[in-house]
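Student: Fold the following and give me the result.
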Amino acid sequence: MSLSAPHDAVKSLESYLGFWMDHDVAEAYEFQPINRTLVENKPRLTAKTPTGKVSANVNNQVTQTPQNVNLNALVPENLRHFDPEIALNQARHLASTATNLDELYTNLSKFEALPLRYEGGKNLVKGRGNANARLLIIGDAPDAEEDDSGVAFGGKSGKMLDQMVSQAGLSDQFYALPAVFWRPAGNRPLTDSDAALMSPFLHGFISIIKPDAVWLMGPAAVKVVLDVTDGIQKLRGKDLSFKPLIGDHSPVLRASFHPSLLVKQPMAKAFVWRDLLEMSQRLA
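Tutor: Here you go, the predicted structure:
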């Protein structure tokens, strides 16, 4: 009996380890994660004693995280009095009072009770495409290129999406949005707070555009629109339940992988292409 791992398992392990190496993740420094994008958690200069030891009178560089803490409750210092419920009510009001896309983007830019927008993002990232689209595509959080341009679905991912919708005959029938409208610091994963505060605005876009179908590309889109954390593989190939927060328009919702995954794993293209063909048939 051989004790060596199967070839596929070895390849999977190498790929997994390679991911962490590519992202310079080598060690764990704390028992619990600390959101270091927040001002209060960023390292501060510390005075040293003549012996080179840190003085006992100097505060620790990192705010210690208590047991069972809700990391989503941590907010930047400029939002010290941040109240999630008040912020959520404000988001719903701003999203529901807009009557067209220009007003919705204006109201979005006025929404200051959002910790995400203070993490260094350069621009409010807007959607692109046909404002009267039959298909609304919602993707991931903006990356660096989208942050620079201020437009969703840029770079290789955007080109791949354009090629797919063109092949499906939908190039003039779609509008593409990001899952959130500011880039998270360091491309960090979205928090529950990020998703909750951006959800009314995405529902506002659905209410104004009134697409026949919405294609959620990637887990971030699924989380923000549906407040669902199930994996894409589990959600693919079926209509998803949707309860509008703004208005009463209720389109068909489907989920699939984000184009950025296809750049890294070309074998997944077949799945996304199948999903898009099924979506185009629903729109026929």
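Student: who's in contact with the closest residue to Ser280 other than its chain neighbours?
Tutor: Leaving aside its sequence neighbours, Ser280 sits nearest to Ala168 (C-beta to C-beta, 6 or more residues apart in numbering; 4.6 Å). C-beta here means a position set from N, CA and C on the backbone, and glycine is covered the same way. Counting by C-beta atoms under 8 Å, 6 or more residues apart in numbering, Ala168 touches Leu276, Leu277, Met279, Ser280.
Student: do Ala255 as well
Tutor: Trp215, Leu216, Met217, Ala221, Val222, Ile232, Leu235, Arg236, Leu240.
Student: Could you do Gly121 as well?
Tutor: Here Gly121 is in contact with Pro142, Asp147, Trp182, Arg183, Pro184 (C-beta under 8 Å, 6+ apart).
Student: Nearest to Lys210 among these?
Tutor: Within the contacts of Gly121, distances to Lys210 taken as C-beta to C-beta reach their minimum at Pro142, with 24.6 Å.
Student: Tell me the spacing between that closest one and Ala255.
Tutor: Separation of Pro142 from Ala255 (C-beta to C-beta, to the nearest Å): 20 Å.
Student: related to what we said a few turns ago, show the buried residues in the contacts of Ala168.
Tutor: Buried members of these, scored by 16 or more other C-beta atoms under 10 Å, are Leu276, Met279, Ser280.
Student: Restricted to helices, list the contacts of Ala255.
Tutor: Ala221, Val222, Ile232, Leu235 (DSSP state H).
Student: Please tell me the pLDDT value assigned to the residue nearest to Ser280.
Tutor: Each residue has a pLDDT score; the one for Ala168 is 93.
Student: same check, this time on Val54
Tutor: 37.
Student: and Met160, what helix or strand is that in?
Tutor: In this assignment (DSSP states H and E), Met160 forms part of helix 155-167.
Student: Give the buried residues for that helix.
Tutor: Ser157, Gly158, Met160, Leu161, Asp162, Met164, Val165.
Student: For this structure, give me the ranges with low pLDDT.
Tutor: 1-78 (pLDDT under 70).
Student: where exactly do the strands run in it?
Tutor: All strands of the chain, identified by DSSP state E, fall at 128-129, 135-138, 174-177, 213-217, 252-256.
Student: Just list what the second one packs against, helices and strands only.
Tutor: Applying 3 or more C-beta pairs under 8 Å, 6 or more residues apart in numbering; DSSP states H and E, one finds that strand 135-138 makes contact with helix 155-167, strand 174-177, helix 192-209, strand 213-217, helix 219-226.
Student: do that again at 10 Å, thanks
Tutor: strand 128-129, helix 155-167, strand 174-177, helix 192-209, strand 213-217, helix 219-226, strand 252-256, helix 269-283 (3 or more C-beta pairs under 10 Å, 6 or more residues apart in numbering; DSSP states H and E).
Student: Take these and lay them out in a markdown table including distance to Thr99.
Tutor: Shown next, in a markdown table, are these (distance: least, C-beta to C-beta, whole Å):
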| stretch | distance to Thr99 |
| --- | --- |
| strand 128-129 | 20 |
| helix 155-167 | 27 |
| strand 174-177 | 17 |
| helix 192-209 | 7 |
| strand 213-217 | 20 |
| helix 219-226 | 21 |
| strand 252-256 | 23 |
| helix 269-283 | 25 |
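Student: So which of the ones you listed is nearest Glu119?
Tutor: So among those, helix 192-209 is nearest, using C-beta to C-beta, at 10.0 Å.
Student: List the buried residues for that closest one?
Tutor: In helix 192-209, counting by 16+ other C-beta under 10 Å, buried: 193-209.
Student: How about the contacts made by Asp239?
Tutor: Residues near Asp239 by C-beta atoms under 10 Å, 6 or more residues apart in numbering: Ala213, Val252, Leu253, Arg254, Arg282.
Student: May I have the beta-bridge partners of the third one?
Tutor: In this case it means Leu253. Val214 (DSSP bridges).
Student: What's the local residue count around it?
Tutor: By other C-beta atoms under 10 Å, 23 other residues sit near Leu253.
Student: Tell me how far it lies from Asp172.
Tutor: Taking C-beta to C-beta, one finds Leu253 at 22 Å from Asp172.
Student: Kindly report the same for the first one.
Tutor: With distances defined as C-beta to C-beta, the gap from Ala213 to Asp172 amounts to 15 Å.
Student: Please identify which of these two sits among more neighbours.
Tutor: The neighbour comparison of Ala213 against Asp172 (other C-beta under 10 Å) goes to Ala213, with 21 against 11.
Student: Touching, the more buried one and Leu135? I think so.
Tutor: Yes - when contacts are counted by C-beta atoms under 10 Å, Ala213 is listed as touching Leu135 (5.3 Å).
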